[in-house]
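**Student:** Show me the folded form of this:
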Amino acid sequence: MDKTVITYGTFDMFHIGHLNLLRRLKAMGDRVIVAVSTDEFNQRKGKKTLIPYDQRAAIVGAIDCVDLVIPEESWEQKLRDVKEHDVDVFAIGNDWQGKFDFLEDLCEVVYLPRTKDISTTDLKRSLKRFLSIPQEDLSKAFEVLELLRRDLE
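**Tutor:** Numbers count the residues shown, from 1 in each chain. Next up, the predicted model:
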């Protein structure tokens, strides 16, 4: 009997933590469904994304361990999705520990540890700090790096 696993997420700025999660999901079952949060749903959650929904869904859908991508449009749809797709395992990062226990009557609920030292929030903070460096300082830094590269040749 095939085992279906589902997860939910925004998957903005796709990184190794996302890939690790999807690979772990595939190891847990035969079919992996990923519900990617729509731009509208993210707005309602007060969350800003850099990459539009269609692109995020296409990126996730291109990963070989993902069998189906569906839009996540509301908090309430999880019950419907689990029933509609005959889900055996609902899995999500352990930062959500206990939040989806109400699904346990319908399927197994698993909270997975996050990849150490990686998160989209941290990447966005780093990008914001990088973009706040004055252009003049960046140009000087790149000039120095170019000189060092030439010296190493």
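**Student:** can you count the residues close to Arg44?
**Tutor:** A count of nearby residues for Arg44, using other CB atoms under 10 Å, gives 12. Using the backbone N, CA and C atoms, a C-beta is placed for each residue, glycine as well.
**Student:** mind checking pLDDT for it?
**Tutor:** The per-residue pLDDT reported for Arg44 equals 95.
**Student:** Trp75 versus that one, what's the distance?
**Tutor:** Between Arg44 and Trp75 the distance is 9 Å, computed by CB to CB, to the nearest Å.
**Student:** can you give me the helices in this structure?
**Tutor:** Taking DSSP state H to define them, one finds helices in the chain at 16-28, 39-44, 53-61, 77-84, 120-131, 135-152.
**Student:** Between these, which has the poorest mean confidence score?
**Tutor:** Looking at the helices of the chain, the bottom one is helix 120-131 with a mean of 59.
**Student:** got the domain boundaries for this structure?
**Tutor:** Using automatic domain parsing, the domain parsing of the chain gives 4-116, 119-153.
**Student:** winner for burial among those domains?
**Tutor:** Mean neighbour count (mean count of other CB atoms under 10 Å) peaks for domain 4-116 among the domains of the chain, with a mean of 16.
**Student:** From the chain's centroid, how far away is that domain?
**Tutor:** Averaged C-alpha coordinates place domain 4-116 at 8 Å from its chain's average position (CA atoms, centre = their mean, to the nearest Å).
**Student:** one step back: if we compare the helices of the chain, which one ends up closest to Pro71?
**Tutor:** Minimum separation from Pro71 across the helices of the chain (CB to CB) falls at helix 53-61, 7.2 Å.
**Student:** could you say what helices and strands that closest one packs with?
**Tutor:** Secondary-structure packing of helix 53-61 (3 or more CB pairs under 8 Å, 6 or more residues apart in numbering; DSSP states H and E): strand 31-37, strand 68-72.
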